[in-house]
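Enquirer: build me a structure from this.
(2 chains)
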Number of protein chains: 2
Amino acid sequence: MPERGMLIVLSGPSGVGKGTVRQAMMNSGFRDFKYSVSMTTRKMRPGEVDGVDYYFRTKEQFEEEIANGQMLEYAQYVGNYYGTPLRYVNETLDQGRDVLLEIEVNGAMQVRAKCPDAAFIFLTPPDLDELKHRLEGRGTDDQATIERRVAKAVGELKMMSNYDYAVVNDKVELAVERIESIIKSEHLRVQRVLDHYTEMLTHAK
Amino acid sequence: MPERGMLIVLSGPSGVGKGTVRQAMMNSGFRDFKYSVSMTTRKMRPGEVDGVDYYFRTKEQFEEEIANGQMLEYAQYVGNYYGTPLRYVNETLDQGRDVLLEIEVNGAMQVRAKCPDAAFIFLTPPDLDELKHRLEGRGTDDQATIERRVAKAVGELKMMSNYDYAVVNDKVELAVERIESIIKSEHLRVQRVLDHYTEMLTHAK
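Expert: Prediction:
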């Protein structure tokens, strides 16, 4: 039986560029993972393909999946459901392949509760880093601007604290490199490796 | 004040090639860390330079450093002391630079007790991986050989369980790449980043 794959959860505040970073990861040379296509009840847009961009389903179909416990996570936005079908994730992990989810923060917290050993990556807007430089430089912003930025940053830090890693999306290719380092490094964590070796040695006796 | 650097501890069983991997890291393009030169009471060998290969000290000098609490970790091997002076490590971390220690497993456990937020990397011999392939292949070794290998592997796994990461030293350049991923990735861990941002925002108010 192959070593079980790793679940990688890419999330972050809306508008941070999760989709762009995920696409860039899928087009990169690294590409050592499977992307879990989300399910939605929103209408298909021109150019979108069922099963590639989303699994497009009716509200009734989606609610049946929920009722049958077939959704790893789901949420409603602007009257439509979005979520991750459980089956593809489990089957792919069982085949020893890593699975990437690109989901909203609400959904990420549902996954955290069910799969605590997944790697949780929070994509942050460059605001936080910019804010840091501005605060360090001083005198370049008025007090009201600084206070507004600080309040926004505090909210983002509160979300971030539920994740394992924080990746600044300053440039897409840099964000992708950082995420690749995280994936490689997470595979070397003793807590992941040890179980595998221990099981191997137990079977050897 | 710059963000405090990260302490990276490279360790593993004797003979695994820690020194070779460390040298390769220092010669690599990455080199984004300072190496902490160890202190020893053993005699200088031809070609060695004081302050580069080791700080060469007398037994009395070394014991005075211990008595003054100036050693981060130390141990005796074959009648000589080996250890890490605390001052260089602290000063370099305070300057915001990462510090690499390459030390024995005994010393690594002393550092673990004092600096729990360091990144602990266990370099493993390829035996473990070879063992895995042999066990999976079956029938290629006799029972006694397998049992001896399994006993050795169990001992190594017990040591490994005290570390954060396990890196197989199959090829030096691959081991170096893996360690570089770990260092990059550890800098993105929320627990490291969050403190820094929280402090920044607290000061901004």
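Enquirer: next helix or strand past the worst-scoring helix or strand of chain A on mean pLDDT?
Expert: Lowest by mean pLDDT, DSSP states H and E among the helices and strands of chain A is helix A:127-137, with a mean of 65. Using DSSP states H and E, the helix or strand that follows helix A:127-137 in sequence is helix A:143-160.
Enquirer: who are the packing partners of that next one?
Expert: strand A:119-124, helix A:127-137, helix B:190-204 (3 or more C-beta pairs under 8 Å, 6 or more residues apart in numbering or on different chains; DSSP states H and E). Quick note: C-beta positions are derived from backbone N, CA and C, even for glycine.
Enquirer: show the average pLDDT along that helix.
Expert: Averaged across helix A:143-160, pLDDT comes to 78.
Enquirer: and stretch A:66-81, by the same measure?
Expert: pLDDT averaged over stretch A:66-81 gives 95.
Enquirer: now do the buried residues in that stretch.
Expert: Using 16 or more other C-beta atoms under 10 Å in any protein chain shown as the test for burial, stretch A:66-81 gives A:71-75, A:81.
Enquirer: closest to residue A:162 among the residues you listed?
Expert: residue A:73 (13.8 Å; C-beta to C-beta).
Enquirer: let's verify that closest one: helix, strand, or coil?
Expert: strand (DSSP: H, G, I helix; E, B strand; the rest coil).
Enquirer: tell me which residue of chain A lies closest to chain B.
Expert: residue A:185 (3.6 Å; C-beta to the nearest C-beta).
Enquirer: helix or strand for that residue, which one?
Expert: Counting by DSSP H and E, residue A:185 is found in helix A:172-186.
Enquirer: ok now that helix, how far from the chain's centre?
Expert: Centre-to-centre, helix A:172-186 and its host chain are 13 Å apart (C-alpha atoms, centre = their mean, to the nearest Å).
Enquirer: okay, buried residues for that helix please.
Expert: Quick answer for helix A:172-186 (16+ other C-beta under 10 Å): A:175-176, A:178-186.
Enquirer: could you do stretch A:19-38 as well?
Expert: A:21-22, A:25, A:33-38.
Enquirer: element containing residue A:46?
Expert: Using DSSP H and E, no helix or strand contains residue A:46.
Enquirer: pLDDT of the helix holding residue A:185, averaged?
Expert: 97.
Enquirer: what's that helix in contact with?
Expert: A:6, A:8, A:10, A:17, A:20-21, A:24-25, A:28, A:30, A:32-33, A:98, A:119, A:121, A:123, A:165, A:167-169, A:192, B:165, B:178, B:181-182, B:184-186, B:188 (C-beta atoms under 8 Å, 6 or more residues apart in numbering or on different chains).
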